[in-house]
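Peer 1: From the sequence below, what's the structure:
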Amino acid sequence: MAEQHEHTHDHDHDHDHEAESAEQAPVKVIGEEPDLSKGTARPITVVGNPVLHRECKIVTAFDEELSALIDDMFVSMYAAAGVGLAANQIGVDAKVFVYDCPDDNNVRHIGHIINPVLEDLPVDRRTLDDGNEGCLSVPTAYAELPRPDFAAVTGQDKDGNPIRVEGTGFFARCLQHETDHLNGYLYIDRLSKRDRKDALRQMAEGTASYATVPND
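Peer 2: Numbers count the residues shown, from 1 in each chain. Have a look, this model is predicted:
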């Protein structure tokens, strides 16, 4: 998932808001920063790559290969200046995502989750947030997409232990966005035909600032 963005018609200024946000130190950090010396950045797959458009495989082996994948995913996410990254966004067919994402209270959340499942929300937690959303696999494009402003995800950590992660605001959006990826959906799949077309136009007119995998 791409960083927060205040949507404007001038896409040359896409990163102005991110720069402002980066200057604000988080009031709290939940999770541990990864050791970036262990991973290698991989290019990002973009819309149209088949691996993004089908449900990923459930992870059953919690081994060194999985740990190495998570290391690579963190490095790849940071290289692309993202706040979340799913395994299929670097071409790996596995239900894994990583995140380093702020919520609306400027709390920074860092971690990973394997085989994530979104919990059904109680009626009183279904308030929608009409925020803008972007995706590393749809580079330079943003669109307004209503999502619940609370999300809870259950899954496992890299050692196979059960975990539960919940978030509000922008972090809730990130949890939903990345779980969608692993189920074969991009955020543009949830847009109207008109808004999807506009997002793809933004992507066509823009240039990614990070390495991507060209579609054949």
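Peer 1: Please count neighbours and contacts with C-alpha atoms only from this point.
Peer 2: Fine.
Peer 1: In the chain, where's the longest helix?
Peer 2: In the chain, ranked by residue count with DSSP state H as the criterion, the top helix is helix 64-79.
Peer 1: chain center to stretch 174-194, what's the gap?
Peer 2: 10 Å (Cα atoms, centre = their mean, to the nearest Å).
Peer 1: Can you list the buried residues in the longest helix of the chain?
Peer 2: For helix 64-79, a neighbour-count test (16 or more other Cα atoms under 10 Å) marks 66-67, 69-79 as buried.
Peer 1: which helices and strands does it pack with?
Peer 2: With contacts taken as 3 or more Cα pairs under 8 Å, 6 or more residues apart in numbering; DSSP states H and E, helix 64-79 sits against strand 84-86, strand 96-102.
Peer 1: Could you identify which of those is most buried?
Peer 2: Among those, strand 84-86 has the highest mean neighbour count (mean count of other Cα atoms under 10 Å), at a mean of 30.
Peer 1: contacting residues around that one?
Peer 2: 1-2, 73-74, 77, 95-101, 174, 178-179, 181-182 (Cα atoms under 8 Å, 6 or more residues apart in numbering).
Peer 1: ok, 6 Å please
Peer 2: Met1, Met77, Val96, Phe97, Val98, Tyr99, Glu178 (Cα atoms under 6 Å, 6 or more residues apart in numbering).
Peer 1: Likewise for stretch 92-101?
Peer 2: Outside stretch 92-101, the residues within contact range by Cα under 6 Å, 6+ apart are 56-58, 83-87, 108-115, 171, 182.
Peer 1: hmm, back to that, to Gly39, which of the helices and strands packed on helix 64-79 lies closest?
Peer 2: Set against Gly39 and scored by Cα to Cα, the helices and strands packed on helix 64-79 come closest in strand 96-102, at 13.1 Å.
Peer 1: what lines up beside the closest one in the sheet?
Peer 2: Strand 96-102 pairs in its sheet with strand 84-86 (antiparallel), strand 107-118 (antiparallel), by DSSP bridges.
Peer 1: Lowest-scoring secondary structure element of the chain by mean pLDDT?
Peer 2: Within the chain, no helix or strand scores below helix 16-22, which has a mean of 39 by mean pLDDT, DSSP states H and E.
Peer 1: Only the buried residues of the helix or strand just after that helix, if you could.
Peer 2: Next along the chain after helix 16-22, taking DSSP states H and E as the criterion, comes strand 28-30. By 16+ other Cα under 10 Å, the buried positions in strand 28-30 come out as Val29.
Peer 1: Contacts made by strand 28-30 with the rest, please.
Peer 2: For strand 28-30, contacts defined as Cα under 6 Å, 6+ apart pick out Val107, Arg108, His109.
Peer 1: If we use 10 Å, what do you get?
Peer 2: Asp100, Cys101, Pro102, Asn105, Asn106, Val107, Arg108, His109, Ile110, Gly111 (Cα atoms under 10 Å, 6 or more residues apart in numbering).
Peer 1: Please apply the same query to stretch 35-46.
Peer 2: With Cα under 10 Å, 6+ apart, stretch 35-46 has contacts from 51-52, 67-80, 85, 87-92, 135-139, 186, 208, 210-215.
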